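**Student:** Sequence and predicted structure, then a few things I'm wondering about:
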Amino acid sequence: MNVDNMAGMVDDSTGVFRVDRNAYIDPTIFEREMETIFESGWIYVCHESQIEKHGDYYAARAGRQPIFIIRDSDGSIRGFIDACPHRGAVLTRTRRGSLKTIQCRFHGWCFDTSGNCTRIKNEEGGWPGGIDRTRFALTPVPAVESYKGFVYASLSADVSPLGDALGEARHFIDLVADQSPEGMEIVPGNQSYMINGNWKLQAENGVDGYHVSTVHRVFARAVAKREALGDQDEMRKTEAARINGKVESGVYDLGNGHMLLWARRGNPEVAPLAENLNWLNRQYDADKVDWMLNKGRNLFLFPNMHLMDQSSTQIRVTIPHAVDRTEVRVYCIAPRGESRIARAARLRKFEDFFMVTGMATPDDMAALEDVQRGSDGRLARWNEMDRGMSFVLIGADNATAKIGASPVTSNSDWDSETLFHGFYREWSNRISVQGPKSERATH
Amino acid sequence: MKNDKIKECEALLYLEADLLDSRKWTIWRDLYVEDCMIWVPAWDTEDDLVEDPELSVNMIYLLGKPAIEARLHRIESDDAYASLPLARTSHSVTNIRIVEDRGNEVDVSAKWTVLSLEPRRGKSWRGGWYDYTLRCANSGLMIKTKKITLLENMIDGTVDIYQI
Ligand code: FES
Ligand SMILES: [Fe+2]
């Protein structure tokens, strides 16, 4: 496909919103996305609790490029291209680790956590005119910032400050980040899985309310069976109200490609966070506490992270490998200092729903892979995302107005697809124009 | 006699493998005691599995038969997207060894490989280790706990309880 003609991929002429299925199968579009989205703007990398001490690092990918984020001696967070300045070997050994001196394992050159080259093997001879170590500093990732513990990196320096890029989504990040006086942490244990599908389908799936009552009704029934057989103690009960029937809900285009879905919890008293209720009530006004505790939320942060807070709490990172291959890494994020009972309940609910070895995520993956296979039917060109257009609101609805959030559009029915419009408009803008462009254009 | 005990353990492990492959779910479930545990720990790093299942993310952590029933419901209901069609599997169990015999309970370790033919995704070949605690009941040996170590920490596709 001609890269100058990417804008026609989204059709939002009156009364419809549809996306060309070529977006999920064309490798040239994928290369373009890597260039103008994943390698030119903010992407989520890790949580600060994963890199607490000097030398702690986390290895990741920004698009096609290996990077690592490391805690420097002064406590700041730095990022570097994960390639030795000498002859290019990757410098990290494991996904996470701790190295105050980063020694390349190929020829033994050393670097400190600020990226300076501190040792060159057999430095004394062989270089005409001697050697200048400053030439061999690590290549820094041009922008690294953290918002409330969520660490972001950009391979382009030409980006808005992270706070501006996150924009209205910050209200909903705060609803997770502010849950404990001691902050949040990543719980031991994680999982990666590989989907035979495009990364945008994964982005959609995590905030799609419309599929829940078909794809996950079997989850609700399985859990109901378990509970009927007398298995669960109180806090471990999984809430299935949002799967089984109509509850109050909403979906939002938050601008800059960010999206939010929420649904009222049927039994918020079994939420592990409920044990912090008194502290939350002292700390925040009633509307913020209501959002934290009673509204189960799925937040998508463009382009590569979901932050879920419903039956359990999850960070889900999307790593595109190819147009039809997407890696997902999942972590459980939890309030530090929560009780053993609450932590265990949170984890069991996490395993039930969020693991690819669990009882819901495999079904999401199967559906997603079916969409990927169906997209090969090129003669049928469009994916339709029209539902909810007849009752979409421009700006905030009552629920979001209560916490001072200003979405681009609101829709008080989670069977609506209007939240995807913002995602695909941002996507289309970013692949249509050269270079980064993450300022809100539609608000 | 020691010799009979290992034979008995082997027979149980081979039977379990065959019941899973032949989809005899109810008979398979009845190999387990009421307060059973099936635990598939997640990897925390490249070298280490999580240690405390209660306070870590696990791939699978089922406590008691109702938790197994819930998993079977997905398999049998014909309504789980990922389980229709079901994968065809072949379990191979080898290196079966008694680690400790306490009389009423016996710890047994083994190695496993499972070939899965998934209609949606094709062939997958997974492997790892089993660590069992078997309980000696009047009717014979039953499974009290089964820890399944899955070598992969990057799962290509999906994995259900009958595929490991
Ligand atoms: S490639 Fe790193 S020291 Fe040579
Ligand atoms: Fe889903």
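**Tutor:** It's in. Ligands and ions are numbered 1, 2, ... in the order given.

**Student:** need the contact list for whichever residue of chain B sits closest to ligand 1.
**Tutor:** Using Cβ to the nearest ligand atom, the closest approach of chain B to ligand 1 is made by B:Glu46 at 20.9 Å. Backbone N, C-alpha and C define where each C-beta goes, glycine included. For B:Glu46, the contacting residues are A:Thr94, A:Arg95, B:Asn153, by Cβ atoms under 8 Å, 6 or more residues apart in numbering or on different chains.

**Student:** what do you get if the cut-off is 6 Å, keeping everything else the same?
**Tutor:** With contact set as Cβ atoms under 6 Å, 6 or more residues apart in numbering or on different chains, B:Glu46 has these partners: A:Thr94.

**Student:** Double-check that it belongs to a helix.
**Tutor:** No: going by DSSP: H, G, I helix; E, B strand; the rest coil, the assignment for B:Glu46 is coil, not a helix.

**Student:** what's the closest non-adjacent residue to B:Leu129?
**Tutor:** Just so we're on the same page, residue B:129 is Trp rather than Leu. Closest residue in space to B:Trp129, ignoring its immediate chain neighbours: B:Thr149 at 4.3 Å, by Cβ to Cβ, 6 or more residues apart in numbering or on different chains.

**Student:** Disregarding residues adjacent in the polypeptide, which is nearest to residue 25?
**Tutor:** All of this is about chain A. Nearest non-adjacent residue to A:Ile25, counting by Cβ to Cβ, 6+ apart: A:Ser375, 5.2 Å away.

**Student:** You answered for a different chain; I wanted chain B.
**Tutor:** Leaving aside its chain neighbours, B:Trp25 sits nearest to B:Leu72 (5.1 Å; criterion: Cβ to Cβ, 6+ apart).

**Student:** After the one helix or strand in chain A whose mean pLDDT sits lowest, which helix or strand is next?
**Tutor:** When the helices and strands of chain A are compared on mean pLDDT, DSSP states H and E, helix A:241-244 comes out lowest with a mean of 78. The C-terminal neighbour of helix A:241-244 among helices and strands, as given by DSSP states H and E, is strand A:249-255.

**Student:** Quick check: neighbours of that following strand in the sheet, parallel or antiparallel?
**Tutor:** Neighbouring strands of strand A:249-255 in its sheet, by DSSP bridges, are strand A:258-264 (antiparallel), strand A:409-411 (antiparallel).

**Student:** can you list the residues that contact the first one?
**Tutor:** The one in question is strand A:258-264. Here strand A:258-264 has contacts from A:169, A:172, A:207, A:209, A:242, A:247-252, A:254, A:295-302, A:414, A:419, A:423, using Cβ under 6 Å, 6+ apart.

**Student:** List buried residues within these.
**Tutor:** A:169, A:172, A:207, A:209, A:242, A:247, A:249-252, A:254, A:295-302, A:414, A:419, A:423 (16 or more other Cβ atoms under 10 Å in any protein chain shown).

**Student:** Near chain A, which residues of chain B? Just list them.
**Tutor:** B:42, B:44, B:46, B:50, B:54-61, B:64, B:66-67, B:69-70, B:73-74, B:77, B:79-82, B:154-156, B:158-159 (Cβ under 6 Å from any Cβ of the partner chain).

**Student:** Doesn't the residue nearest to B:Trp25 lie inside a strand?
**Tutor:** No: read with three-state DSSP, B:Leu72 is helix and lies in no strand.

**Student:** Model confidence score at it, please.
**Tutor:** Note on B:Leu72: pLDDT of 97.

**Student:** check contacts around the most centrally placed residue in chain A.
**Tutor:** Closest residue to the average C-alpha location of chain A: A:Met305 at 0.6 Å, with Cα atoms, centre = their mean. Contact partners of A:Met305, counting by Cβ under 6 Å, 6+ apart, are A:Tyr44, A:Val317.

**Student:** For residue 122, the count of nearby residues, please.
**Tutor:** Picked chain A for this. Using other Cβ atoms under 10 Å in any protein chain shown, A:Asn122 has 9 neighbouring residues.

**Student:** look at chain B instead
**Tutor:** Using other Cβ under 10 Å, B:Gly122 has 10 neighbouring residues.

**Student:** So what pairs up with it in the strands?
**Tutor:** For B:Gly122, the beta-bridge partners under DSSP bridges are B:Glu118.

**Student:** The residue lying closest to A:Gly230 once chain neighbours are set aside is in what secondary structure piece?
**Tutor:** Spatially, and ignoring its direct neighbours in sequence, A:Gly230 is nearest to B:Pro66 (6.4 Å; Cβ to Cβ, 6+ apart). In the assignment (DSSP H and E), B:Pro66 maps to helix B:65-76.

**Student:** hmm, back to that, quick one: which of the strands paired with strand A:249-255 is nearest ligand 1?
**Tutor:** So among the strands paired with strand A:249-255, strand A:258-264 is nearest, using Cβ to the nearest ligand atom, at 38.9 Å.

**Student:** can you pull the buried residues of the next helix-or-strand element following that closest one?
**Tutor:** Scanning forward in sequence from strand A:258-264 by DSSP H and E, the next helix or strand is helix A:277-283. Using 16+ other Cβ under 10 Å as the test for burial, helix A:277-283 gives A:Leu280.

**Student:** ditto for stretch A:153-163
**Tutor:** Quick answer for stretch A:153-163 (16+ other Cβ under 10 Å): A:Ala153, A:Ser154, A:Leu155, A:Ser156, A:Val159, A:Ser160, A:Leu162.

**Student:** show me where chain B has strands.
**Tutor:** Using DSSP state E, the strands of chain B run over residues B:32-41, B:58-63, B:88-101, B:105-118, B:122-137, B:140-150, B:154-156.

**Student:** Give me the contacts around the last one.
**Tutor:** Outside of strand B:154-156, the residues within contact range by Cβ under 6 Å, 6+ apart are A:Ser192, A:Tyr193, A:Met194, A:Val356.

**Student:** One more pass at 7 Å, please.
**Tutor:** When contacts are defined by Cβ atoms under 7 Å, 6 or more residues apart in numbering or on different chains, strand B:154-156 is touched by residues A:Gln191, A:Ser192, A:Tyr193, A:Met194, A:Val356, B:Ser124.

**Student:** and the gap between the residue nearest to the last one when sequence neighbours are not counted and A:Glu239?
**Tutor:** Meaning B:Ser124. Spatial nearest neighbour of B:Ser124, excluding adjacent residues (Cβ to Cβ, 6+ apart): B:Ser116 at 4.8 Å. Separation of B:Ser116 from A:Glu239 (Cβ to Cβ, to the nearest Å) stands at 32 Å.
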